[in-house]
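Q: Dropping the sequence and predicted coords here.
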Amino acid sequence: MRECVIFAGSGNPELARAVSEQVGMPLGTCSVERFPDGETSVRLLESVRGNDVYLLQPTCPPVNDNVMQLFAFADACRRAAAGRIHAVLPYYGYARSDKRHGRREPITASMVALLMKASGIDHVLTIDLHTTQIEGFFPGPFDTLTAVPTLCAAMRGELPADAVVVSPDAGRVKLATEYAQRLDLPLAVLHKRRESGSETRVTHLVGEVEGRTCLIIDDMISTGGTLVESVQALRDAGAAGFHVAATHGLLLGNAIARLTDAGVQRVCVTDTIAQELDEGGVLRVVSVAGLLAGALRKLASDESLEELF
Ligand code: R5P
């Protein structure tokens, strides 16, 4: 292995520590502060000359701060003559801005990718990216891991034998199929129609859910609105119980309370975004530290990541 070091931004330092311990790579010493006017201040407190550097930073809320911090880390590494600079983004903020919905809109996911490159980042590693086209926005190597096997392993014992995996919309059918295959469960699909800029309505259900427990999956839970709407449609169709799973638990505001009030019995997410303890509650958090550690071990010795996909 080359000399390798992980630097933790403030996006999820607990995950960075866990990955560092599991892969046996040191956490670099650095200072991350704010200038009085709110500007980001990053300083590396050790040499990185010639080293492989892994910048572990989910660009979760506060998104703009975390994104800017990532750029600052990369720039500091580049100017300090680091070897290869890897951005490890367990969660890629702005991923939902991956296309224009009308004229005169930015594609912010592309801006972030190009700015990563401009900051000196050579390679990006992420998990369950919102859409695969984002990989093409970065002009360099880009690897996307999946947390679906980790989530399925955690949920397998909790789901009744007659459960059904539900995709909340047509865009998540591929992801839902992966869950269904791994859990050996049937699949159902909801179809939504956009009513306005912020409102959608479920119009169709394909699949059998009557009397069954539904595992509704998504790549991320933000406000919980998508899943609450899905629960309502599935309940109208006679579903008997509800579990939800997603890789990225943004869980903004009262998302967990909204889901619980809607009748969701279990919310399973990973720690791509740090979560608060919810002892006795519906939230279950499974760690992606082992997945990332496995990937970093392989990257450090230039091995293929194929078996992790
Ligand atoms: C949408 O394209 C995403 O895949 C999620 O369904 C969505 O972002 C979840 O957001 P919320 O929880 O606010 O409905």
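A: Received it, and whenever you're ready, just let me know what you need.
Q: Residue numbers of this structure in contact with the ligand?
A: By Cβ under 6 Å from any ligand atom, the residues of the chain that approach the ligand are Arg96, Asp218, Asp219, Met220, Ile221, Ser222, Thr223, Gly224, Gly225, Thr226. From N, CA and C alone the C-beta is placed, and that goes for glycine too.
Q: Return the member of those residues nearest to Ala163.
A: Checking the residues of the chain next to the ligand against Ala163 with Cβ to Cβ, the nearest one is Asp218 at 16.4 Å.
Q: rewinding a little: buried only: go through the residues of the chain next to the ligand for me.
A: Neighbour counting over the residues of the chain next to the ligand (16 or more other Cβ atoms under 10 Å) leaves Asp218, Asp219, Met220, Ile221, Ser222, Gly224, Thr226 as the buried ones.
Q: Mark which of the residues of the chain next to the ligand are part of helices, please.
A: Using DSSP state H, the members of these that fall within helices are Gly225, Thr226.
Q: Now render the residues of the chain next to the ligand as JSON lines, adding pLDDT and distance to Thr203.
A: Output for the residues of the chain next to the ligand, formatted as JSON lines (pLDDT from 0 to 100; distance: Cβ to Cβ, whole Å):
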{"residue": "Arg96", "pLDDT": "95", "distance to Thr203": "22"}
{"residue": "Asp218", "pLDDT": "97", "distance to Thr203": "18"}
{"residue": "Asp219", "pLDDT": "98", "distance to Thr203": "22"}
{"residue": "Met220", "pLDDT": "98", "distance to Thr203": "23"}
{"residue": "Ile221", "pLDDT": "97", "distance to Thr203": "22"}
{"residue": "Ser222", "pLDDT": "96", "distance to Thr203": "22"}
{"residue": "Thr223", "pLDDT": "95", "distance to Thr203": "21"}
{"residue": "Gly224", "pLDDT": "95", "distance to Thr203": "20"}
{"residue": "Gly225", "pLDDT": "93", "distance to Thr203": "16"}
{"residue": "Thr226", "pLDDT": "94", "distance to Thr203": "14"}
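Q: Walk me through the domains of this protein.
A: For the chain, the structural domains run 4-146+289-308, 148-286, going by automatic domain parsing.
Q: ends of the longest one, how far apart?
A: Taking Cα to Cα, to the nearest Å as the measure, domain 4-146+289-308 stretches 20 Å from start to finish.
Q: gap between it and the chain center?
A: 13 Å (Cα atoms, centre = their mean, to the nearest Å).
Q: show me where pLDDT drops low in the stretch 101-250 of the chain?
A: In the predicted model of the stretch 101-250 of the chain, residues 196-198 satisfy pLDDT under 70.
Q: 80 instead?
A: The model of the stretch 101-250 of the chain has pLDDT under 80 over residues 194-200.
Q: in stretch 263-270, what's buried?
A: Val264, Arg266, Val267, Cys268, Val269, Thr270.
Q: following the lengthiest helix in the chain, which helix or strand comes up?
A: For the chain, the longest helix by residue count, based on DSSP H, is helix 63-79. Next helix or strand after helix 63-79 toward the C-terminus (DSSP states H and E): strand 85-89.
Q: immediately after that following strand, which helix or strand?
A: In N-to-C order, the element after strand 85-89 by DSSP H and E is helix 108-119.
Q: then that following helix to PDB, C-alphas only?
A: The C-alpha trace of helix 108-119 is given here as PDB (Å, rounded to 0.1, in the frame of the first residue of the first chain):
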ATOM      1  CA  THR A 108     -26.000  22.000  -9.700                       C
ATOM      2  CA  ALA A 109     -24.800  18.400  -9.400                       C
ATOM      3  CA  SER A 110     -22.700  19.000 -12.500                       C
ATOM      4  CA  MET A 111     -21.300  22.300 -11.000                       C
ATOM      5  CA  VAL A 112     -20.300  20.400  -7.900                       C
ATOM      6  CA  ALA A 113     -18.500  17.800 -10.000                       C
ATOM      7  CA  LEU A 114     -16.600  20.300 -12.100                       C
ATOM      8  CA  LEU A 115     -15.600  22.300  -9.000                       C
ATOM      9  CA  MET A 116     -14.300  19.100  -7.400                       C
ATOM     10  CA  LYS A 117     -12.100  18.600 -10.400                       C
ATOM     11  CA  ALA A 118     -11.000  22.200 -10.400                       C
ATOM     12  CA  SER A 119     -10.100  21.900  -6.700                       C
END
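Q: Many thanks, we can stop here.
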